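Student: After the sequence you'll find the predicted model.
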Amino acid sequence: MTIPSLALSILFISIGATLVMDLWTVLLRHLGVTTLDYAMVGRWAGHLREGRWRHAAIGKAAPVRGELALGWLLHYATGLVFAALLAAIAGQGWLRVPTLWPALLFGIVSVLVPLCVVQPALGAGYFAARTPAPLRSCLRSLATHGVFGFGLFLSAIVLAGVRSFA
C-alpha cells in the first residue's frame, strides 16, 4: 500500500468510525442520556493557548470564541489519531482484511484517554470521580468507545469492499 493510499485509508476509517460514534451519541441524547458537549472540549483547548491545562469545572471557565467548532475539530482529529494508531498496531494486513477484535479492543482501550486525560482536564476528575455518578459515567464512556471500535471495524470493512470492486 502506498503512503497516499494508506493515508486516505486511515482518513476514511477515522471519519467513518467517528461518525458511527456520533450516531451513537445522537441516539443516547434522544433517549435522554447526557453526553459530552464538544463546546467544552473546544473551550478547554482554547484555554490551552493561555497555558491552562486543567480546570476545576470547564463549564464555569470563560467561553472561547469558536469553541464549538474547535471542539468538533478536535473530536475528529482525535478519531484520526486513533485510527492511525490502530493501523500502526494492527498493520496493513488488517487494513486489507479487517477483523473485529483488534478494532473493538483498540476502541475499548482508547477509553483511557477520556478517563485519564480529558475528564481530569475538564474538571471531572480521573475516571469521572468528581461527577455525580462516576461508575455510570465510566460505563457510558466505555460503551461509546466500544462503539467507536466497532465503527473502526465497520469503516475498514466498507473500505475493503470498495477496494475489491476497484
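Tutor: Thanks, I have it.

Student: And the spatially most central residue of the chain, how close does it get to residue 54?
Tutor: What sits nearest the mean C-alpha location of the chain, by Cα atoms, centre = their mean, is residue 79, with 4.8 Å. Distance from residue 79 to residue 54, counting by Cβ to Cβ, to the nearest Å: 24 Å. The way it works is simple: take the backbone N, C-alpha and C, and place the C-beta from them, glycine included.

Student: which intervals of this structure have sub-threshold pLDDT?
Tutor: Across the chain, the ranges flagged by pLDDT under 70 are 166.

Student: could you pull out the helices for it?
Tutor: 3-30, 38-48, 67-90, 92-96, 100-109, 112-113, 119-122, 134-165 (DSSP state H).

Student: What residues sit buried inside stretch 37-45?
Tutor: 38-45 (16 or more other Cβ atoms under 10 Å).

Student: picking up where we left off before, show me the contacts for the residue nearest to the centre of the chain.
Tutor: By Cβ atoms under 8 Å, 6 or more residues apart in numbering, residue 79 lies in contact with 14-15, 17-18, 21, 148.

Student: of all the residues you listed, which two lie farthest apart?
Tutor: Maximum pairwise distance among the contacts of residue 79 (Cβ to Cβ): 12.1 Å, between 15 and 148.

Student: Would you reformat the buried residues of stretch 37-45 as JSON lines and include distance to residue 62?
Tutor: Shown next, in JSON lines, are the buried residues of stretch 37-45 (distance: Cβ to Cβ, whole Å):
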{"residue": "38", "distance to residue 62": "17"}
{"residue": "39", "distance to residue 62": "13"}
{"residue": "40", "distance to residue 62": "12"}
{"residue": "41", "distance to residue 62": "15"}
{"residue": "42", "distance to residue 62": "13"}
{"residue": "43", "distance to residue 62": "8"}
{"residue": "44", "distance to residue 62": "12"}
{"residue": "45", "distance to residue 62": "13"}
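
Student: quick one: which of the residues you listed is nearest residue 164?
Tutor: Distances from residue 164 to the buried residues of stretch 37-45, taken by Cβ to Cβ, are shortest for residue 38, at 35.1 Å.

Student: residues in contact with that closest one?
Tutor: By Cβ under 8 Å, 6+ apart, the neighbours of residue 38 are 68, 71-72, 74-75.

Student: Recalculate using a threshold of 6 Å.
Tutor: Residue 38 makes contact with 71-72, 75 under the criterion Cβ atoms under 6 Å, 6 or more residues apart in numbering.
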